[in-house]
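> any chance you can model this:
(one chain, ligands or ions: 2)
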Amino acid sequence: MATKGKNLSEYDKSGLPPANHLRIGLVVSEWNPEITENLYKGAYQTLVDCGVHEDRIIRWDVPGSFELTFGCKKMIESLDLDAVIAIGSVIRGETKHFDFVAGATAQGIKDLNVKYNTPTIFCVLTDDTLQQAIDRSGGVHGNKGAEAAIVAIKMASLS
Ligand SMILES: Nc1c(NC[C@H](O)[C@H](O)[C@H](O)CO)[nH]c(=O)[nH]c1=O
Ligand SMILES: CC(=O)[C@@H](O)COP(=O)(O)O
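Ligands and ions are numbered 1, 2, ... in the order given. Below is the predicted model:
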């Protein structure tokens, strides 16, 4: 099912593990801030709604999605966290650069999950148009940041 068939913001708190003890990191890309700030708000608000204390949510910023891998790596190595959420928005332009940035970011975050016992959640939109990104960061298809927060809480219980 594509995103079109579901609302990214919908979740059922009743089936979630306890979250009040969790420490969650969020690394946010500064590229396309009108998108990434909405993703961050969706993730932050959902974490708090599910019981994560606000003083246990730590935010770092990086210049672009390509830097998310390094930012998450440094956060995992320097802080005692239960999960990290990597937040970015890659929007296709005129050249093949989209493919390299999106692909490298996905591979880099996958590699972090292989190397470390702290789960890193892939909250990176990779869209052909700005409208697709808007639709998935609080628009008609919900907010992928909310989805990522739920995933972080679930994965933290496995780590
Ligand atoms: N075009 C987008 C970028 N490009 C920048 C790269 O992420 C990186 O910061 C640069 O190549 C220097 O290493 N980043 C995004 O997050 N979104 C884009 O649409
Ligand atoms: C994802 C990108 O790097 C892309 O937005 C850059 O745009 P362009 O391919 O036109 O240089």
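
> so for the spatially most central residue of the chain, what's the pLDDT?
For the chain, the residue nearest the mean C-alpha position is residue 123 (2.8 Å; Cα atoms, centre = their mean). Listed pLDDT for residue 123 reads 98.

> return stretch 78-87 as CSV; C-alpha atoms alone will do.
Output of stretch 78-87 as CSV, limited to C-alpha atoms (Å, rounded to 0.1, in the frame of the first residue of the first chain):
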residue,chain,number,x,y,z
SER,A,78,28.0,10.7,22.8
LEU,A,79,24.6,10.4,24.4
ASP,A,80,22.8,7.6,26.2
LEU,A,81,19.7,7.3,24.0
ASP,A,82,17.0,4.7,23.4
ALA,A,83,16.4,5.7,19.8
VAL,A,84,17.4,8.4,17.3
ILE,A,85,15.1,9.8,14.6
ALA,A,86,16.8,11.1,11.4
ILE,A,87,14.6,13.9,9.9
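
> flag every buried residue along it.
For stretch 78-87, burial by neighbour count (16 or more other Cβ atoms under 10 Å) applies to 81, 82, 83, 84, 85, 86, 87. (C-beta placed from N, C-alpha, C; glycine too.)

> count the residues that sit near the closest residue to ligand 1 within the chain.
Using Cβ to the nearest ligand atom, the closest approach of the chain to ligand 1 is made by residue 64 at 2.2 Å. When neighbours are counted by other Cβ atoms under 10 Å, residue 64 registers 15.

> need the max-distance pair from the buried residues of stretch 78-87.
The distance between the two most remote of the buried residues of stretch 78-87 (Cβ to Cβ) is 17.0 Å, for 82 and 87.

> which ones are touching the nearest residue to residue 158 once chain neighbours are set aside?
Nearest residue to residue 158, sequence neighbours excluded (Cβ to Cβ, 6 or more residues apart in numbering): residue 119, at 7.2 Å. Going by Cβ atoms under 8 Å, 6 or more residues apart in numbering, residue 119 touches 83, 84, 113, 152, 155, 156, 158, 159.
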